[in-house]
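J.: 3D, please:
(2 chains)
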Amino acid sequence: RKEVEQDPGPFNVPEGATVAFNCTYSNSASQSFFWYRQDCRKEPKLLMSVYSSGNEDGRFTAQLNRASQYISLLIRDSKLSDSATYLCVVIPNQGGKLIFGQGTELSVKP
Amino acid sequence: NAGVTQTPKFQVLKTGQSMTLQCAQDMNHNSMYWYRQDPGMGLRLIYYSASEGTTDKGEVPNGYNVSRLNKREFSLRLESAAPSQTSVYFCASGGTPDTQYFGPGTRLTVL
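T.: Prediction:
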């Protein structure tokens, strides 16, 4: 089993739709969680951290479910500019290195 | 302030050739990293350097060597390139995950 797994998609949604991605992780002791965004053929960039209490940044909401060992990213009112690959990132232990999921591709259509 | 820069952007090698990928950062970060990204695999850590003068293996170090030349520069060397090393290589720097910045990547093809 991979340490971090994502549904690779692609998710094809119309503008204005709400879309959600899940990511599961295998190490129950994992400490920190993040979502990165990667545009086509470009470098990954941090989108948001995922806190135990959940957090929201505009149209984006991230949640953590430690009992089921997954994190989620919800995007409301999708824009064309949201088209990208979303990478789930987990740090399995304190001071450890980032473990990336394989990414979920999102395509928002007019 | 350029952030993280990588050279070259593209490279084609023949099997057995060697090359060095260069990475530099101007953010005064202690930590630097080399990743590779393959289709369907996400990013995998090759080597990292927690500070100047130290380097450690990551998840997929075989076939690679690194040098932390100074605080700014961290190079990745392929001594004898193989087709399995065809990939996109990203350098990153930072101290914590929410301050880890990636370079634009090097697209390497080994024939």
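J.: any idea how far the residue nearest the centre of chain B lies from chain A?
T.: Closest to where the C-alpha atoms of chain B average out (CA atoms, centre = their mean) is B:Trp34, at 3.2 Å. Using CB to the nearest CB, to the nearest Å, B:Trp34 is found at 12 Å from chain A. Backbone N, C-alpha and C define where each C-beta goes, glycine included.
J.: near chain B, which residues of chain A show up?
T.: Neighbours of chain B within chain A, by CB under 8 Å from any CB of the partner chain: A:4, A:8, A:32, A:34, A:41-46, A:49, A:87, A:89, A:91, A:97-98, A:100-103.
J.: Now list the buried members of those residues.
T.: Buried subset of the residues of chain A next to chain B (neighbour count, 16 or more other CB atoms under 10 Å in any protein chain shown): A:4, A:32, A:34, A:43-44, A:46, A:49, A:87, A:89, A:91, A:97-98, A:100-103.
J.: Let's see stretch A:47-61 as CSV, backbone CA atoms only.
T.: Only the C-alpha atoms of stretch A:47-61 are listed here, as CSV (Å, rounded to 0.1, in the frame of the first residue of the first chain):
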residue,chain,number,x,y,z
LEU,A,47,-2.1,25.7,-1.7
MET,A,48,-2.9,25.3,2.0
SER,A,49,-2.1,23.5,5.2
VAL,A,50,-4.6,21.1,6.7
TYR,A,51,-5.3,21.6,10.4
SER,A,52,-7.0,19.2,12.7
SER,A,53,-9.9,21.6,13.1
GLY,A,54,-10.3,22.1,9.4
ASN,A,55,-9.5,25.3,7.6
GLU,A,56,-10.9,27.5,4.9
ASP,A,57,-9.3,29.9,2.5
GLY,A,58,-11.9,31.6,0.3
ARG,A,59,-13.5,28.9,-1.9
PHE,A,60,-11.1,26.2,-0.6
THR,A,61,-11.8,24.1,2.5
